[in-house]
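Visitor: coords please:
(one chain, ligands or ions: 1)
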Amino acid sequence: MAEENKSSLDALSALCKRRGFIYHSSEIYGGMPGFWDYGPLGCELKQNVKQAWWQFTVRGREDVAGLDATIIMHPKIWKASGHLDTFADPMTMCKDCKKLMRADQIKDIYADQKKKPQPKVAGSDFFCPYCGGELTEPKPFNLMFKTVVGPIDDPSNVAYLRPETAQAIFAQFLNVLSTSRQAVPFGIAQMGKSFRNEVTPRNYTFRSREFEQMELEFFIRPDEAIELQYGHVVTLADNPDIDGPVQDDWGWEVWHKYWVEQRKRFLNAVGLPTEHFVEYWQKPDELAHYARACVDIEYDFPFGRQELEGIAARSDFDLSQHQKHSGVSQMVFDDPLKQAAKKLDDAARSAFIEKTKSEWVDRRQKALSAKAGREIVLSAEEVEEIKSAAQKFCLNLFDGKYIPHVIEPSAGVDRLMLALLCEAYEEQRLTDEKGKDDIRTVLHLSPKVAPVKAAVFPLIKKDEAQMKFARDLFEKLRRKFNVQWDVSGAIGRRYRRQDEAGTPWCITVDEQTTKDGTFTVRERDSMEQKRMTTAEFLAMAYEALEF
Ligand code: GAP
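Guide: Got it, this is the predicted structure:
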């Protein structure tokens with residue numbers, strides 16, 4: 001990590017503290033690692049980021065419905081999802097200094113150290129990056145926070161704070177389906193708090209123990225259902241137009257790419273240019289066993305290139321798991337599919353079943369081989385098991401029934417806010433009118449997410465007419481968006497205060513205003529000033545704020 005980048009994160013966090021974006025949680029008691037509070041500007045920024053996501057993902061579309069589920073849910077949900085058994089990081093402890101750390105992060109911690117310790121046990125390559133001491137054998141540490149529901153502190157009452165918002169969506173899939181007038185393909189979106197007892201929370205708000213997620217589970221038909229109904233499945237090889245309207249015959253691959261592009265579009269809209277993030281397509285051996293594909297959108301944070309959000313094609317894994325563990329069928333009924341299947345004669349049905357069986361066997365074999373890094377040959381029993389599952393699946397399809405597959409774009413609110421702040425932060429070296437060097441600290445936040453949209457300044461406090469016009473304008477604007485009122489200090493200083501807050505427009509009411517109703521609007525990034533009427537200003541602002 002370059003020193004310059006490290007210091008830019010220090011400068012950003014100092015600004016965030018000074019201007020009320022981000023504070024340490026419980027600061028007067030010494031703070032809590034991995035917990036952060038958002039101050040007056042931070043919580044406005046957060047609201048705007050969440051609102052933008054909701055508008056883009058839910059309200060702006062006809063095929064997505066919202067959900068707001070509880071943080072604590074039935075513990076069986078976490079058994080079904082796999083979190084109880086596998087949501088763990090390898091943890092190790094230094095036998096000397098007693099520091100706890102993630103075994104898989106030791107190399108990064110070591111790389112960050114200015115003064116690098118040498119191993120106390122000569123020749124050891126697994127030693128404490130802080131003191132060189134001997135480390136304990138890594139042990140899996142489950143990241144879910146435990147709590148007890150009800151007055152009796154007994155293991156039977158243990159519950160968990162959710163480590164992701166996604167599982168509530170799967171658990172409520174049937175309710176939303178039957179009450180929202182949606183049909184597959186459609187999505188369910190949720191934003192809200194998630195909790196992970198991260199072993200080593202690091203890099204400011206990047207990896208926190210309490211954070212918010214914005215997740216969409218977009219349910220699609222399995223490819224086999226599309227094949228049955230339309231006689232073909234559109235894949236990426238067909239070069240489909242994913243910028244145009246969505247199509248019924250798109251297979252999972254196209255839907256996945258479509259959502260990657262949608263997420264990139266969203267990131268652009270809130271202020272991250274495409275050239276500042278990269279798409280990392282996970283390699284077959286990196287994928288979870290149920291995942292068909294996963295793309296991480298990575299951003300160049302000051303502490304290195306890191307995941308901002310992910311878009312995963314998760315097959316029917318989650319709903320199938322909940323069906324298995326709850327005993328409640330998660331299948332949907334698709335009448336057009338049933339009608340299409342009715343048209344097939346026995347020979348066509350048999351051919352369809354055989355084709356599906358061989359595709360499933362082939363897919364499993366390829367996935368296992370990719371994971372193992374060598375050719376894996378399935379045993380005869382495994383082949384039979386897959387073929388029997390494929391047969392059952394096909395018979396259900398002929399009845400118009402299937403468990404939907406899912407594409408999951410999953411983003412973190414706090415992580416996106418940090419990326420937006422890093423992207424926006426600039427220290428400009430300027431020369432003032434007297435020829436003196438000056439530094440202007442400015443947050444180039446997109447107006448769509450900026451915490452304060454405009455600030456109103458009467459030029460001369462003692463001028464009653466100016467004060468009245470400015471106050472009336474302020475009252476009018478604050479009914480529409482977040483506006484600040486500032487009468488203290490020279491205009492230049494008032495501009496600087498707003499630059500640091502990322503306010504896109506500063507309005508100065510002056511002598512001319514009281515004559516012709518126009519005021520100056522100073523644009524934050526260009527620092528250009530234009531005279532406008534209230535109507536002109538509102539038209540310009542609405543255009544910039546619209547999604
Ligand atoms: N449902 C899938 C899921 O939760 P994830 O990659 O574990 O996937 C999704 O999390 C996103 O949530 C991440 O890309 C990141 O933006 C955010 N996130 C995850 N853990 C976080 C943490 N400890 N602190 C802040 N944000 C986090």
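Visitor: Run through the residues that contact the closest residue to residue 317 other than its chain neighbours.
Guide: The spatial neighbour of residue 317 that comes closest, neighbours along the chain excluded (C-beta to C-beta, 6 or more residues apart in numbering), is residue 290 at 3.5 Å. C-beta here means a position set from N, CA and C on the backbone, and glycine is covered the same way. If you count contacts by C-beta atoms under 8 Å, 6 or more residues apart in numbering, residue 290 has them with 314-315, 317.
Visitor: helix/strand/coil for residue 290?
Guide: coil (DSSP: H, G, I helix; E, B strand; the rest coil).
Visitor: Can you tell me which of the contacts of residue 290 lies closest to residue 529?
Guide: Distance to residue 529 across the contacts of residue 290 (C-beta to C-beta) is lowest for residue 314, with 51.5 Å.
Visitor: and that closest one, how many residues sit next to it?
Guide: When neighbours are defined as other C-beta atoms under 10 Å, residue 314 has 22 of them.
Visitor: Would you mind confirming that it is in contact with residue 405?
Guide: Yes - under the criterion of C-beta atoms under 8 Å, residue 314 makes contact with residue 405 at 7.4 Å.
Visitor: circling back to that earlier point, sort out which one of the contacts of residue 290 lies nearest residue 364 for me.
Guide: residue 315 (11.6 Å).
Visitor: Alongside the ligand, which residues does the stretch 101-250 of the chain contribute?
Guide: With C-beta under 6 Å from any ligand atom as the criterion, the stretch 101-250 of the chain comes near the ligand at residues 164, 166, 196, 198, 207-208, 211, 213, 215.
Visitor: Which single one of those residues is nearest to residue 303?
Guide: residue 207 (10.4 Å).
Visitor: give the contact list for residue 15.
Guide: Contacts of residue 15 by C-beta under 8 Å, 6+ apart are 21, 425, 441, 443, 500.
Visitor: my bad, residue 205
Guide: 22, 36, 211, 414-415, 417-418.
Visitor: coming back round to it: what subset of the contacts of residue 290 is also close to the ligand?
Guide: Contacts with the ligand within the contacts of residue 290, as defined by C-beta under 6 Å from any ligand atom: none are present.
Visitor: From the contact counts, what lies against the helix or strand hosting residue 494?
Guide: In the assignment (DSSP states H and E), residue 494 maps to helix 491-501. For helix 491-501, the elements it packs on are strand 437-443, strand 454-458, strand 505-509, judged by 3 or more C-beta pairs under 8 Å, 6 or more residues apart in numbering; DSSP states H and E.
Visitor: give me every residue that touches the closest residue to the ligand within the stretch 301-450 of the chain.
Guide: Closest contact between the stretch 301-450 of the chain and the ligand, by C-beta to the nearest ligand atom, is at residue 412 (2.5 Å). Going by C-beta under 8 Å, 6+ apart, residue 412 touches 211-214, 308-309.
Visitor: Let me have these in JSON lines, extended by secondary structure.
Guide: Output for the contacts of residue 412, formatted as JSON lines (three-state DSSP):
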{"residue": "211", "secondary structure": "strand"}
{"residue": "212", "secondary structure": "strand"}
{"residue": "213", "secondary structure": "strand"}
{"residue": "214", "secondary structure": "strand"}
{"residue": "308", "secondary structure": "strand"}
{"residue": "309", "secondary structure": "strand"}
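Visitor: So the residue nearest the centre of the chain: helix, strand or coil?
Guide: The structure's the chain has its C-alpha centroid closest to residue 411; by C-alpha atoms, centre = their mean the separation is 1.0 Å. Using three-state DSSP, the structure places residue 411 in strand.
Visitor: Residue 52 versus that one, what's the distance?
Guide: Distance of residue 411 to residue 52, given as C-beta to C-beta, to the nearest Å: 11 Å.
Visitor: before we move on, the earlier item: which residues touch the closest residue to the residue nearest to the centre of the chain other than its chain neighbours?
Guide: Nearest residue to residue 411, sequence neighbours excluded (C-beta to C-beta, 6+ apart): residue 309, at 3.8 Å. Neighbouring residues of residue 309 by C-beta under 8 Å, 6+ apart: 263, 296-297, 409-412, 415-416.
Visitor: Residue 61 too?
Guide: residue 187.
Visitor: measure it to residue 254 for me?
Guide: 17 Å.
Visitor: Then residue 312?
Guide: Using C-beta to C-beta, residue 312 is found at 15 Å from residue 254.
Visitor: Tell me who's in contact with residue 53.
Guide: Neighbours of residue 53 in contact, by C-beta under 8 Å, 6+ apart: 191, 214, 266, 411, 413.
Visitor: Let's see that with 10 Å instead.
Guide: 189, 191, 214-216, 266, 270, 409, 411, 413, 416 (C-beta atoms under 10 Å, 6 or more residues apart in numbering).
Visitor: Redo these as JSON lines? Include pLDDT.
Guide: Output for the contacts of residue 53, formatted as JSON lines (pLDDT from 0 to 100):
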{"residue": "189", "pLDDT": "98"}
{"residue": "191", "pLDDT": "98"}
{"residue": "214", "pLDDT": "98"}
{"residue": "215", "pLDDT": "98"}
{"residue": "216", "pLDDT": "98"}
{"residue": "266", "pLDDT": "98"}
{"residue": "270", "pLDDT": "97"}
{"residue": "409", "pLDDT": "98"}
{"residue": "411", "pLDDT": "98"}
{"residue": "413", "pLDDT": "98"}
{"residue": "416", "pLDDT": "98"}
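Visitor: Same list, the residues you listed, but as JSON lines with distance to residue 483 please.
Guide: Output for the contacts of residue 53, formatted as JSON lines (distance: C-beta to C-beta, whole Å):
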{"residue": "189", "distance to residue 483": "30"}
{"residue": "191", "distance to residue 483": "25"}
{"residue": "214", "distance to residue 483": "26"}
{"residue": "215", "distance to residue 483": "32"}
{"residue": "216", "distance to residue 483": "32"}
{"residue": "266", "distance to residue 483": "26"}
{"residue": "270", "distance to residue 483": "21"}
{"residue": "409", "distance to residue 483": "33"}
{"residue": "411", "distance to residue 483": "28"}
{"residue": "413", "distance to residue 483": "24"}
{"residue": "416", "distance to residue 483": "24"}
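Visitor: Tell me who's in contact with residue 321.
Guide: Residues near residue 321 by C-beta under 10 Å, 6+ apart: 77, 79-82, 167, 170, 290, 330.
Visitor: again, 8 Å this time
Guide: With contacts defined as C-beta under 8 Å, 6+ apart, the neighbours of residue 321 are 80-82.
Visitor: cool, residue 371 as well?
Guide: When contacts are counted by C-beta under 8 Å, 6+ apart, residue 371 touches 284-285, 287, 289.
Visitor: which SSE is it in?
Guide: Secondary structure from DSSP H and E places residue 371 in helix 346-372.
Visitor: re the thing from before, report the buried members of the contacts of residue 309.
Guide: Neighbour counting over those (16 or more other C-beta atoms under 10 Å) leaves 263, 296-297, 409-412, 415-416 as the buried ones.
Visitor: between these, which is nearest residue 463?
Guide: residue 416 (43.1 Å).
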